[in-house]
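[1] sequence unavailable; structure follows:
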């Protein structure tokens, strides 16, 4: 072929769009998914945070370290606890500790969603576009992503729990342990070193695994049942019902680990950062059940469930609407 014809052929090929290549779009990138997930989680956290604070207070009440044998519990249930906080500490105290909670979601929700999305796409490589990845594989992806994200976010979770309990400590006449989130972080670091920031991380990860497993399997099962058995369209009513049901299952599976996590994180520590009440998750579980009964590990279950359902709904609706607004593909 003459040289001028070769040049023309190369020019013609180079001007044709390559249909096999996908144009890069930031809105479909991992970074964008991370940012959107953090914003959506922040919205959900702000809306439902008072329930999380109430749940934490319920889980701590009755603990041997905070209630003497002669005294009576100040609060008994969810509504009484919330009303007591507003009456004695002020309405804004229902959001005490929300700052480290938001910091937590910068790590937890961002990593959880993006890592899960990556893992499920890897799982789907062996299947055609008409096949559905088995639920058990998706569940494994959710469990693994949740555990990794929770481990990374555990220091922020520890700071949040300690901040949440400061209002109650002051009402009881006890000396405040921390003044702010930054102060709590520095004191934890000073007492226990870097490893002290991960106190309670094991039950935290166990809870994350159980919650992710319960949330994923329950949501998918309820949604498919409503759509196939009741012929309901894939709409917001289906999402609402599915998220509340999934929150209920996740609360059943995750509340015991959540109670143990909260107590381990809230316990006083010695000068070396070691817990004075519990040596670990198993020790905390044993002592809690022995002194307070089996159902004590479900303290805060109702607010936990009431929070999980609207949190999930608020997160996913916000997440999907934001992605739709910026022109990205559906999740």
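    Here it is on my side, so go on. Fair warning: this is a prediction, and the values are worked out from it, not measured in the lab. Numbering: from 1, shown residues only.
[2] got a pLDDT number for residue 152?
    With respect to pLDDT, residue 152 scores 90.
[3] verify the stated contact: residue 209 with residue 146.
    Yes: between residue 209 and residue 146 there is a contact under CB atoms under 8 Å: 6.1 Å. To be clear about C-beta, it is placed using only N, CA and C from the backbone, and glycine gets the same treatment.
[4] neighbour count winner among these two?
    residue 146 (25 against 19; other CB atoms under 10 Å).
[5] where's the more buried one relative to residue 111, distance?
    9 Å (CB to CB, to the nearest Å).
[6] please apply the same query to residue 322.
    18 Å.
[7] give me the more crowded residue out of these two.
    Using other CB under 10 Å, the more surrounded residue of residue 322 and residue 111 is residue 111, with 22 against 17.
[8] just the element for that one, please.
    Assigned by DSSP states H and E, residue 111 falls within helix 98-123.
[9] which strands or helices does that helix pack on?
    Of the remaining helices and strands, those touching helix 98-123 by 3 or more CB pairs under 8 Å, 6 or more residues apart in numbering; DSSP states H and E are helix 30-60, helix 135-164, helix 181-196.
[10] relative orientation of that helix and helix 135-164 in degrees?
    170 degrees (axes from the mean of the first three to the mean of the last three CA atoms, to 10 degrees).
[11] helix 98-123 to helix 181-196, inter-axis angle?
    50 degrees.
[12] now do helix 98-123: distance to the chain's middle.
    9 Å (CA atoms, centre = their mean, to the nearest Å).
[13] tilt between that helix and helix 30-60?
    130 degrees.
[14] in helix 98-123, which residues are buried?
    Residues of helix 98-123 classed as buried: 98-117, 119-120 (neighbour count, 16 or more other CB atoms under 10 Å).
[15] same deal with stretch 233-246?
    238, 239, 241, 242, 243, 244, 245, 246.
[16] which ones among these map onto helices?
    Mapping the buried residues of stretch 233-246 onto helices (DSSP state H) picks out 238, 239, 241, 242, 243, 244, 245, 246.
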